[in-house]
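# Provided below are the primary sequence and the corresponding predicted coordinates.
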Amino acid sequence: VLSVGRDETIVEIKEEISFGHKFSLGKIFQGEEITKYGTAIGLATQIIEAGFHVHTHNVEGFRARGDKQ
């Protein structure tokens, strides 16, 4: 259960997600903007269903990654 203010959202985590990593609160469509703490961090490169890991394998970040020269 995730509480934001007075609202609560229940999200079933669908795969193992390392501590500190992100997961989707709802379905994210390919090309949709990904936000973290209210700031846009990248675009989804594929559909990401609720409860799945959100990371470099399915997000093209807006900031330089360092491994892409």
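Sure, I can see it.
# going by C-alpha atoms from here, please, whenever you check contacts or count neighbours.
Noted.
# what residues are up against the residue nearest the centre of the chain?
For the chain, the residue sitting closest to the mean C-alpha position, by Cα atoms, centre = their mean, is V54 at 3.7 Å. Neighbouring residues of V54 by Cα atoms under 8 Å, 6 or more residues apart in numbering: 21-24, 48.
# same question for E12.
So E12 contacts 50-51 (Cα under 8 Å, 6+ apart).
# cool, and G42?
Applying Cα under 8 Å, 6+ apart, the residues contacting G42 are 33-35, 59-63.
# next: H21.
53-55.
# what do you get if the cut-off is 7 Å, keeping everything else the same?
Contact partners of H21, counting by Cα atoms under 7 Å, 6 or more residues apart in numbering, are absent.
# give me the pLDDT for it.
pLDDT, H21: 93.
# what of I10?
At I10, pLDDT is 84.
# now do the one 3 residues further on
In the predicted model, I13 carries a pLDDT score of 93.
# for it, phi and psi?
phi -80, psi 130 (degrees, to the nearest 10).
# could you do E60 as well?
Per degrees, to the nearest 10, the backbone of E60 is at phi -100, psi 110.
# pull the longest strand from this structure.
strand 39-44 (DSSP state E).
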